[in-house]
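Engineer: one predicted model, sequence on top.
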Amino acid sequence: MRVCNLSSGSDGNCTYVETDNVKVLVDIGISASETVKRLRVLGVDAKDIDAILISHEHSDHIKGLDVFASKYKTKVYVHSQGVGAVYTKMKKLSAKQIYSFDDMPFTIGDLNVDTVCLPHDAVHCSGFILSCNKRKISIITDLGHTNDVILNKISGSSLVYLESNHDVEMLKNNPNYPYKLKIRILGKLGHLSNLDCAKAIEFLAKTGTKQIMLSHISRHNNTQSLAYTSVCKYLASVGIVEGRDIKISTTSINMSTIFKLN
Ligand SMILES: [Zn+2]
Ligand SMILES: [Zn+2]
């Protein structure tokens, strides 16, 4: 498998995943033209994308969907409970291109797709667990908290993109954020804080995950270095050393590291 995050954060989320015979995107929250440009950097032609998996209807996950999928006739996979909320935001996309899934795993060519329901204030939010040839990666953003179902589903992934959205104090003290919005983000259906993310990583490190990509990092209530140091500091306090026991990197609105999992 080859995996690359093309963009992450509230300005747009998009991750490219490739197996020997399938190429997919998970979310397309940047414009279609920007997606095409970034795929080209990877040597991938947009028309060769077989499918787009959509987590939920928020615009930072579907911004480029309508234009991209209607232009390239790409199949679009959305959970049956969230499909209506996504489709009402489309202007050109044909309903024939939409494939809804439920809670059962399915396959796209040689790619196995399992999903998990994430607690978030969307109609339905899916986390994705993608596997091929015994290699497994998970993409888990947006969620207000973790639970045993989520952690057990993603355990054993070689690579996990996990939300590390905000620093709680930075968010609470942000004078530009209305109180209502702070409550929403901090709530059980909001976004995962650096500390909550770190606690999930503690579990993942103990169950074999070797690489974490801190994802959906807030531009206003966090920084890449703060997310990284907060997570590493917590892990060190429970005896887990970054670089030795697990690798932690960050994502941003720019393309990040390309991973090859053989
Ligand atoms: Zn969202
Ligand atoms: Zn989001």
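Structural biologist: Done, it's in. Ligands and ions are numbered 1, 2, ... in the order given.
Engineer: just checking: what are the partner strands of the host helix or strand of Val116?
Structural biologist: Under the criterion of DSSP states H and E, Val116 resides in strand 111-117. Strand 111-117 has the following strand partners under DSSP bridges: strand 106-108 (antiparallel), strand 126-132 (antiparallel).
Engineer: list the buried residues of the helix or strand following the last one.
Structural biologist: I take that to be strand 126-132. The helix or strand immediately downstream of strand 126-132 is strand 135-140, counting by DSSP H and E. Within strand 135-140, the residues that count as buried by 16 or more other C-beta atoms under 10 Å are 135-140. Quick note: C-beta positions are derived from backbone N, CA and C, even for glycine.
Engineer: ok, now stretch 196-206?
Structural biologist: So, applying 16+ other C-beta under 10 Å, buried residues of stretch 196-206: 196-202, 204-205.
Engineer: now do stretch 220-228
Structural biologist: Buried residues in stretch 220-228 (16+ other C-beta under 10 Å): 221-223, 226-228.
Engineer: give the contact list for the closest residue to ligand 1 within the stretch 101-250 of the chain.
Structural biologist: Closest to ligand 1 within the stretch 101-250 of the chain is Asp142: 3.8 Å, counting by C-beta to the ion. By C-beta atoms under 8 Å, 6 or more residues apart in numbering, the contact list for Asp142 reads 55-56, 58, 61, 118, 120, 122, 125, 163, 165, 191-192, 216.
Engineer: take the residues you listed and keep only those in helices.
Structural biologist: His61 (DSSP state H).
Engineer: any chance of JSON lines for the contacts of Asp142, columns pLDDT, distance to Lys73 and neighbour count?
Structural biologist: Shown next, in JSON lines, are the contacts of Asp142 (pLDDT from 0 to 100; distance: C-beta to C-beta, whole Å; neighbours: other C-beta atoms under 10 Å):
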{"residue": "Ser55", "pLDDT": "98", "distance to Lys73": "22", "neighbour count": "29"}
{"residue": "His56", "pLDDT": "98", "distance to Lys73": "23", "neighbour count": "24"}
{"residue": "His58", "pLDDT": "98", "distance to Lys73": "24", "neighbour count": "21"}
{"residue": "His61", "pLDDT": "98", "distance to Lys73": "21", "neighbour count": "24"}
{"residue": "Leu118", "pLDDT": "98", "distance to Lys73": "29", "neighbour count": "25"}
{"residue": "His120", "pLDDT": "98", "distance to Lys73": "29", "neighbour count": "25"}
{"residue": "Ala122", "pLDDT": "98", "distance to Lys73": "26", "neighbour count": "19"}
{"residue": "Cys125", "pLDDT": "98", "distance to Lys73": "26", "neighbour count": "27"}
{"residue": "Glu163", "pLDDT": "98", "distance to Lys73": "31", "neighbour count": "30"}
{"residue": "Asn165", "pLDDT": "98", "distance to Lys73": "34", "neighbour count": "27"}
{"residue": "His191", "pLDDT": "98", "distance to Lys73": "33", "neighbour count": "27"}
{"residue": "Leu192", "pLDDT": "98", "distance to Lys73": "35", "neighbour count": "28"}
{"residue": "His216", "pLDDT": "98", "distance to Lys73": "29", "neighbour count": "26"}
